[in-house]
Each structure stands twice: as C-alpha cells, then as structure tokens.
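Peer 1: let's see this in three dimensions:
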Amino acid sequence: MAPNPEMTLQHKHSTRIWIAILIFSVITRLGLALYYGNWVPTEHDDYSYSSLGLRLATGHGYTFDRNWYPFTPAETPTAHWSFLYTAIIAAIYALVGFQPVAVRLVTAVLGGILFPWMTARLTRRLFPNRSWTPLIAALVTAGYAFFALYAARIMTETFYIITLLWSFERALALSEDFTAGRPGWAAALGLGVSLGLTALFRQAILPWVPVLFLWLLWRAWRGETRKFIRLHLPALVVAGLVLLAFILPWTYRNYRVYGDFLLLNSNTGYAMYSAQHPMHGTSFQAFEAAPLPDELWGQLSTEAEWDRALMRRGIAFVLEEPGRYLRLSLSRVADYFEFWPTDTSLLHNAGRLLSFTLYLPFMLYGFYLGGKAQSVPALSRFERPVTLLYIFMVFYTLLHIFTWAMPRYRLPVDAVAMPFVALALERVFVFVRGRARRDRHAS
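Peer 2: Below is the predicted model:
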C-alpha cells in the first residue's frame, strides 16, 4: 500500500514539534544547572545527598564522616536517605570526581527528556483518541517552572516523579489488558519495576501502593471469573513480587546492619514526630526541625530503633491532642498549596508563579473535562482511567496534609495533573480557533 502523503507530512510535523519540545525542556534545565553550578547549600537536602554520595563513591558506604541530621552518628551506616538516588550521585562522582554540577547536568538532560516523554505516554493512555493532547502535555511539562528548578537540584524529585508517572502508565496498560481479557504479563512486569524504582527513590509512595493494587484488583474482578483466577490475579501477584524484589535486598541490608527490621528508610518515624511536635502549636512550621527527645539518646543505638520510637512519639502527639492535631493539619493546607510569593528567593518565587499559580485554572478546568471524558463506554465511573489519577491526587494530598506538607511534596500531584492541563488547553485552543473562524466568516 502506498504511503498517505498527508499522514507522512503530519508525522514529520509532529516529529519536529517533539524535537523542539525536548530541546526547550533540556536547555531550560541545563541553564539552571549551570546557574547553581557546584554550589551546594548546607541547609538543604542537596548537601546531605551530595555528601553521602561522595562517601559512597570513595568506599565508605552509606555513612557520614561526622554526626548527621537527624540522628546518624559519624562513621555509622545510615538508611535515612534514598539508597538509589545516593548510588546515582556516587556513580557520577566516581566518574568525574566531586563535581555537584555534573549531577545537576545529568539530571537536567535525563529529566528534560524523560519527564515530558513519560507525561505524553501517560496522556496517551488516558485520552487515546486525542492526537495532539500528548504533545501539549509534554510541552506544559517542559515549561512547568518548578519541575525545571528541581531538576537542577541534587534531590530525588525528578527521577522519583518520572518513575511514578511510568507506574501509572503501566497500571493503566494492565487495566486495559484486564478489560480486553489479555494476561497482561508485560504490563505487570513494568508496573512492578516502575513501582520498585519509585520506592527506592522515595518510600513516601508505599502507602499509595495498596490503594493502586485494590483499584487494579477491582478492574480485574469485573471481568470473567475464570480469567480473573487464571490470568489477571497472577499478573497482579507478579507485579507485587517484582516490587518486593526491589525492596527486600535493602530490608536484608538493614537487618545485617542494625540487627533489626527496617523495611527501607528510617525517615518515616522522624517525619511523623517532627511534624506533629507541640512546638508547632496549631501553625505548621515546614522548615523547623523538632529537637529529638534527650532521654532517647542513651536508650537507642540504631536507626531502626529511632524510627520506631519516634513514630510512637508522633502518634502519641496526635492521640494526646487530637484537636490541636486537626488544626495543625488544617494549617498545612496553605503550606501544601502555596502559590503566592513568600520570603524565599526571587528565583523560587518566580518559579512558583510560573508553575502552579499560572497552571491552576487549567488544572481545574482539565479535571472537569477529564471527568466528562469517557474512553471506554462500558466502564463504570470508578473503573475509568482518570478516576485512578483523581484518587491518587486526593490520597497523596491528604497523606501530606496529615503528616508533613510543603510545595515540594505537591510536585508529584502537579505532574499527574499535566494531562488534564493539556486537555484544558486543547479545548481552549479549539474554542478560540473556532471563534476566530466565525468572526472571519461574519466579516
């Protein structure tokens, strides 16, 4: 069959747009990476990751050379920070020496390419009949200022969000296999790998995993019972086992190091303790760290023990003063959705205004349009792909509002919202173009 000239031209046009989007995405991130250069602020997580990565690269393992925030003694193995992201930093330092700018440049290039591309893949899963929406989603992701700013930081956000978006794309692919009666082995494997990588970048995703699997289990159950038992349930088991295969080696490492159980990282207990501490009163102070209890210093010897003890203290704060806890959590809403200028740097204020503040109306309109869209008419409202993303955005938001909130922790939700921003912008463009055509014909 001879190629369709119109389709060939459209494909070439689309390819040029893709190249332009990715070049724009990478260049903006590279510019910020060069702006930050080798400067690593000691008061931010960048400093901890850079220091730990250097120690790992020089053969000292996951240790610091001196006592480190919040409770790690010098020359003692730590599990407080992301194992995978630290390993990436260590690999770069092992190749080029202690050059923090190299970490920023690698993140800028990989993030500049993979972030828009993965957003487009997810958008295509959500809205399969819209040819331009994925391209628009890639463009708005490339231009979202806070994504670019954090791609220039030595922090987990960029890689964490990319693998998270991949997990949603694979989850939706698996749900499509369930609907079509296919086994879904490839999608299940991809789901397990993507969730495993996401958890190793930041274990904050783990509370979401049971919710995701319950939604997929419901989608699988809605099909034929025989296929559910023979194909769909085993696919979910495979995804779960692959996820565990990423986590359990680090659980074993922690047991070898501490002689105690610690699933992954030792930061959950401290986050719960510090965020609910009475020092906040009823107004959360996102950048203030609560002092550790003096009496625990002589009682606890490992990070696993610290993690459990601080979690108990944090839960006790909630149970002792539930009214204060609720008012404190309510105050965190402003910290989480902050979109106005604050006393932070000019760069971050501009980034905030050119991301969440600018995009918020399109997010809200896109959520409305997404709720009306129906890619598979046979599916109930709960089973629809967009519903899974709505559930995540609500769940992840509440998780942080009731624990520890700041704009940085909202970025995964912002990323998941990009397909809906694209949907809204496409609708606005169609409306404006149609209005312009009508005006020309009327004149």
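Peer 1: contacting residues for Met347?
Peer 2: Just so we're on the same page, residue 347 is Leu rather than Met. Contact analysis of Leu347 by C-beta atoms under 8 Å, 6 or more residues apart in numbering lists Leu149. Where you see a C-beta, it was placed from the backbone N, CA and C, and this is true even at glycine.
Peer 1: check the secondary structure at it for me.
Peer 2: helix (DSSP: H, G, I helix; E, B strand; the rest coil).
Peer 1: from Leu56, how far off is it?
Peer 2: Distance of Leu347 to Leu56, computed by C-beta to C-beta, to the nearest Å: 30 Å.
Peer 1: in which helix or strand does the residue sitting nearest the centre point of the chain reside?
Peer 2: Ranked by distance to the mean C-alpha position of the chain (C-alpha atoms, centre = their mean), the top residue is Ile161 at 3.2 Å. Assigned by DSSP states H and E, Ile161 belongs to helix 157-180.
Peer 1: could you list the low-pLDDT ranges of the protein?
Peer 2: 1-12, 223-226, 374-378, 436, 439, 442-443 (pLDDT under 70).
Peer 1: mind naming the longest helix for it?
Peer 2: helix 407-442 (DSSP state H).
Peer 1: check the offset of the helix or strand following the helix holding Ile161 from the chain's centre.
Peer 2: Helices and strands here follow DSSP H and E; after helix 157-180, the next one along the chain is helix 185-201. Distance of helix 185-201 from the chain centroid (C-alpha atoms, centre = their mean, to the nearest Å) equals 14 Å.
Peer 1: helix 185-201 vs helix 157-180, what angle?
Peer 2: With axes from the mean of the first three to the mean of the last three C-alpha atoms, to 10 degrees defining the directions, helix 185-201 sits at 150 degrees from helix 157-180.
Peer 1: ok, and what's touching helix 185-201?
Peer 2: Against helix 185-201 from outside (C-beta under 8 Å, 6+ apart): 82-85, 156, 159-160, 163-164, 166-167, 169-171, 173-174, 176-177, 205-206, 209, 212, 235-236, 238-243, 245-247, 250, 264.
Peer 1: are any of these buried, and which?
Peer 2: Restricting the contacts of helix 185-201 to buried positions leaves 82-85, 156, 159-160, 163-164, 166-167, 169-171, 173-174, 176-177, 205-206, 209, 212, 235-236, 238-240, 242-243, 246-247, 250, 264, with burial counted as 16 or more other C-beta atoms under 10 Å.
Peer 1: and the gap between Leu360 and Phe337?
Peer 2: With C-beta to C-beta as the criterion, Leu360 and Phe337 are 9 Å apart.
Peer 1: what of Gly269?
Peer 2: On the measure of C-beta to C-beta, Gly269 and Phe337 end up 26 Å apart.
Peer 1: of those two, who's got more company?
Peer 2: Gly269 (23 against 16; other C-beta atoms under 10 Å).
Peer 1: list the helices and strands the one helix or strand that one maps to packs on?
Peer 2: For Gly269, the host element (DSSP H and E) is helix 268-276. Identification of packing neighbours for helix 268-276 by 3 or more C-beta pairs under 8 Å, 6 or more residues apart in numbering; DSSP states H and E yields helix 303-320.
Peer 1: between the helix it packs on and helix 268-276, how big is the angle?
Peer 2: With the same axes, to 10 degrees defining the directions, helix 303-320 sits at 30 degrees from helix 268-276.
Peer 1: and helix 303-320, what does it pack onto?
Peer 2: By 3+ C-beta pairs under 8 Å, 6+ apart, helix 303-320 packs against helix 233-258, helix 268-276.
Peer 1: what's the neighbour count on Val413?
Peer 2: Val413 has 21 nearby residues by other C-beta under 10 Å.
Peer 1: cool, Arg332 as well?
Peer 2: 22.
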